[in-house]
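Undergrad: what follows is a predicted structure for the sequence shown.
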Amino acid sequence: MSLRDLYPVPDIDEHWTVPQGFDAVFDWRFDEGRDRLMHLYQKGKDMQWDAVNRIDWSQELDPENPMELPPEGNALYGTPLWERMSAKDRSELLRHSQAWNISQFLQGEQAALICAAKIVQQVPDLDSKFYASTQVMDEARHVEAYKKLLEKFGVAYPMTQPLGELVDQALRDSRWDMTYLAMQVVIEGLALAAFGTIRDLSQNPLARQVNAYVMEDEARHVTFGRLTLRDYYPELTQAERDEREEFLVEACYHMRDRFDGIEVYQALGLPMEECVNYAKESEVMQLYRSLLFQRIVPTVKDIGLWGERVRNAYEDMGVMHFAELDPDALNENDEQVARDIDARTAYVNAVAGQGAAAE
């Protein structure tokens with residue numbers, strides 16, 4: 001199935017081309033590499049999984065609330081517009097809104113696939129090339145998994161303009177660390193928090209599995225960016241760090257303020273301006289936008305882009321308290337949740353097998 005056929009948006013091109021100009025770098029040293037990066041590379045190899053076999057794709061989504069998320073989490077819940085909707089229209093809104101979310105995950109994963117391949121070519125150190133090569137495989141698997149999940153929604157959405165603009169910057173910039181900063185820190189940091197919302201709140205086992213298993217990988221990817229940039233940024237001049245902090249602040253505001261799902265309102269024929277205003281005023285959405293930064297803020301602090309411009313921006317966004325979170329502890333929890341889901345799934349299957357044998 002081509003997901004492009006499921007887009008309720010006309011005239012979507014089959015391909016998107018981003019011109020690039022950078023040097024492919026060979027590392028002739030072939031040294032032992034940095035211990036933590038080589039450990040991460042080994043972990044990346046050990047934790048490869050098969051999206052076809054690890055996930056039970058016979059599980060279905062709820063037709064009225066596909067991922068069985070609390071409807072209170074929808075930006076329009078409780079508004080006069082929501083109250084005027086029929087039960088069927090509310091279900092259609094939930095289906096499209098959730099499909100839009102998963103679609104942006106899928107679109108972001110393909111972008112991460114391309115960026116990881118760029119990093120393999122461009123980064124000067126062999127240990128970074130090694131790890132980035134495992135990420136390429138991870139991202140291909142994530143695209144595969146989210147495509148399979150979206151097929152069950154029966155509707156999908158193209159990449160939004162705000163995400164496309166940030167991906168375009170990540171790919172066009174000739175400096176390898178800017179690809180890391182845009183993708184590994186900002187885009188994947190936001191994605192991790194968004195994945196976690198579904199993993200922790202969804203009552204649908206298929207949706208929980210897909211997002212938990214993807215998070216297990218993404219936690220390593222953010223760690224990869226954090227370890228590499230933490231080593232590299234002390235080598236930069238203050239002017240070079242200032243430039244990266246300026247980009248970082250603009251990217252964070254860009255994603256917070258413009259990632260609003262207007263494509264859903266357009267597809268469903270809803271009053272767009274009214275819907276956008278409801279979403280901006282929604283306390284739930286304001287909290288959600290804040291929570292999206294719980295992975296980014298401690299990572300940014302750890303890599304050393306912690307100048308006054310960045311701190312002031314995070315104070316303004318109301319997300320400065322996330323700076324006290326421990327990135328390693330968050331990553332360990334992501335891996336543990338995935339293991340717990342595996343254990344639960346194995347237990348349920350064993351019990352079901354015993355029941356079938358008894359019959």
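TA: In hand now; what should we look at? Note that this is a predicted model, so its numbers are computed, not measured.

Undergrad: who are the contact partners of the closest residue to Asp168 other than its chain neighbours?
TA: In space, and not counting its chain neighbours, Asp168 is closest to Val18: 5.7 Å by C-beta to C-beta, 6 or more residues apart in numbering. Yep, even glycine has a C-beta here, placed from its N, CA and C like the rest. Residues near Val18 by C-beta atoms under 8 Å, 6 or more residues apart in numbering: Val167, Asp168, Leu171, Arg172.

Undergrad: so which of those is the most crowded?
TA: For the contacts of Val18, neighbours were counted using other C-beta atoms under 10 Å, and Val167 has the most, 23 neighbours in all.

Undergrad: skipping adjacent residues, who's closest to that one in space?
TA: Ranked by C-beta to C-beta, 6+ apart and with sequence neighbours excluded, the top spatial neighbour of Val167 is Ala111, at 4.3 Å.

Undergrad: just checking, that neighbour touches Val186?
TA: No: taking contact to mean C-beta atoms under 8 Å, the distance of 11.5 Å between Ala111 and Val186 leaves them out of contact.

Undergrad: where's the residue nearest the centre of the chain, which helix or strand?
TA: Residue closest to the mean C-alpha point of the chain, counted by C-alpha atoms, centre = their mean, is Ala191 at 2.3 Å. Ala191 is located in helix 188-201, with elements delineated by DSSP states H and E.

Undergrad: residues in contact with that helix?
TA: Taking contacts as C-beta under 8 Å, 6+ apart, the residues outside helix 188-201 that touch it are 67, 69-70, 73, 101, 105, 108, 112, 207-208, 211-212, 214-215, 218-219, 221-222, 225, 255, 288, 291-296, 299, 334, 337.

Undergrad: swap in 6 Å and give it another go.
TA: Contact with helix 188-201 is made by 69, 108, 207-208, 211-212, 214-215, 218, 221-222, 255, 291-292, 294-296, 299, as judged by C-beta atoms under 6 Å, 6 or more residues apart in numbering.

Undergrad: likewise stretch 275-292?
TA: Outside of stretch 275-292, the residues within contact range by C-beta under 6 Å, 6+ apart are Gly73, Ala75, Leu76, Thr79, Leu190, Ala193, Arg256, Asp260, Tyr265, Gly318, Val319.

Undergrad: of those residues, which belong to helices?
TA: Counting by DSSP state H, those place Leu190, Ala193, Arg256, Tyr265 in helices.

Undergrad: now the residues you listed in CSV, with pLDDT, distance to Leu229 and neighbour count?
TA: Formatted as CSV, those follow (pLDDT from 0 to 100; distance: C-beta to C-beta, whole Å; neighbours: other C-beta atoms under 10 Å):
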residue, pLDDT, distance to Leu229, neighbour count
Leu190, 92, 17, 25
Ala193, 92, 19, 20
Arg256, 85, 21, 17
Tyr265, 95, 37, 24
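
Undergrad: now render those as JSON lines, adding distance to Phe153.
TA: Supplementary listing: the ones in helices among the contacts of stretch 275-292 in JSON lines, determined by distance: C-beta to C-beta, whole Å:
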{"residue": "Leu190", "distance to Phe153": "21"}
{"residue": "Ala193", "distance to Phe153": "22"}
{"residue": "Arg256", "distance to Phe153": "26"}
{"residue": "Tyr265", "distance to Phe153": "17"}
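
Undergrad: which helix is the longest one in this protein?
TA: helix 87-122.

Undergrad: tell me the average confidence for that helix?
TA: Per-residue pLDDT values across helix 87-122 average out to 96.

Undergrad: give me the angle between that helix and helix 188-201.
TA: 140 degrees (axes from the mean of the first three to the mean of the last three C-alpha atoms, to 10 degrees).

Undergrad: helices and strands around helix 87-122, which ones?
TA: Packed against helix 87-122, as judged by 3 or more C-beta pairs under 6 Å, 6 or more residues apart in numbering; DSSP states H and E, are the following elements: helix 126-153, helix 176-179, helix 262-267.
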